[in-house]
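Sequence isn't available, so here's the structure alone:
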């Protein structure tokens, strides 16, 4: 189940300027904040005590004490690492920070998944006539990886080559026996939202992989798999990483194999056919 740290990373881009200041202090030193008074946190974030109280309420918490309880239940390893912070150190130390950051990202992503929802997603992927996979921009390589993996184990999957226009046209030729898998970090991609509208008209089930449960794409999906983010890139309010999305696809791939040993024969046959392309 997602914890308070995951909620903060997920909601960070949509928070007010005041709430972002408070969130950044918490994300930078969650263990320390457990022992703060409300005034100490307010001073550290350069906001008022009332702002901290509003921040807690905006997260659906009873108050500041509730926030501290949630933080105490969270691992002390939960800490964001910015590129600026990594760049200030020597390369060996930087690599250790990146490793810890990515391990935390993968761990949080896999721990967030609901078993019941995961079972339904696996069943849908396995039983669909066509699995259409769509993504925009930086997440498109994840979609391409998903298509390769699913086809290797006997699940017919396709993408659009990165063109939203082509993706929507493909959706218009699919139906209720097919499903649409969308990958978007923010969950706000306008083109993918248009594609969802067409998919619903065709009676298709929709699976989405995004960083936020409350994102527009997640809310319009039949099933949502939430990924975790731990890397601050360039700006504190922008979080991006393909690692979590790749992790989710890899997990689906391995679980599908585990459910049907015959899929291994598919992989072996595919490798045999393309073996002459290798040195």
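Noted; the coordinates are in hand. These numbers come from a predicted model, not from an experiment.

What about residue 214, how many residues nearby?
Counted with other Cβ atoms under 10 Å, residues neighbouring residue 214 total 12. In this view, the C-beta of every residue, glycine as well, is placed from N, C-alpha and C.

Surely residue 170 and residue 163 touch.
No: Residue 170 lies out of contact with residue 163 (Cβ atoms under 8 Å); the separation is 9.6 Å.

quick one: which of these two has more around it?
Just comparing residue 170 and residue 163: by other Cβ under 10 Å the higher neighbour count belongs to residue 170, 20 against 15.

now the residue nearest to the spatial centre of the chain, nearest residue through space, not along the chain?
Nearest to the geometric centre of the chain sits residue 227, at 2.3 Å (Cα atoms, centre = their mean). Nearest residue to residue 227, sequence neighbours excluded (Cβ to Cβ, 6 or more residues apart in numbering): residue 244, at 3.6 Å.

quick one, what contacts the one you found?
Residues near residue 244 by Cβ atoms under 8 Å, 6 or more residues apart in numbering: 105, 106, 108, 109, 211, 227, 228, 229.

ok, now how distant is it from residue 21?
Residue 244 sits 25 Å away from residue 21, going by Cβ to Cβ, to the nearest Å.

sec struct for residue 180, please.
Secondary structure, DSSP: H, G, I helix; E, B strand; the rest coil: residue 180 is strand.

got the end-to-end distance for stretch 170-188?
Across stretch 170-188, the terminal residues are separated by 21 Å (Cα to Cα, to the nearest Å).

Quick one: list the elements packing against the helix or strand hosting residue 67.
Using DSSP states H and E, residue 67 sits within helix 64-72. Applying 3 or more Cβ pairs under 8 Å, 6 or more residues apart in numbering; DSSP states H and E, we find helix 64-72 packed against helix 4-11, helix 30-33, helix 49-58.

Show me what counts as buried in that helix.
64, 67, 68, 70, 71 (16 or more other Cβ atoms under 10 Å).

Quick check: of the residues you listed, which lies closest to residue 255?
residue 70 (29.7 Å; Cβ to Cβ).

one step back: spell out which two among the contacts of residue 244 are the most distant pair, please.
Within the contacts of residue 244, 106 and 211 form the most distant pair, 14.0 Å apart (Cβ to Cβ).

who does the host helix or strand of residue 18 touch, helix- and strand-wise?
Per DSSP H and E: residue 18 is located in helix 17-28. Secondary-structure packing of helix 17-28 (3+ Cβ pairs under 8 Å, 6+ apart): helix 4-11, helix 38-45, helix 49-58.

deepest of the ones you listed, which one?
With neighbours taken as mean count of other Cβ atoms under 10 Å, these reach their highest mean count in helix 4-11, at a mean of 22.

Who are the packing partners of that one?
When contacts are defined as 3+ Cβ pairs under 8 Å, 6+ apart, helix 4-11 sits against helix 17-28, helix 64-72.

closest one to residue 174 among those?
The closest of these to residue 174 is helix 17-28. By Cβ to Cβ, the value is 40.1 Å.

and the angle from the helix holding residue 67 to helix 4-11?
If you take axes from the mean of the first three to the mean of the last three Cα atoms, to 10 degrees, helix 64-72 sits at 100 degrees to helix 4-11.

Can you tell me what sits against helix 64-72?
Under the contact criterion Cβ under 8 Å, 6+ apart, helix 64-72 has outside partners 3-5, 26, 30-31, 33-34, 36, 38, 41, 52-53, 56, 59, 61.
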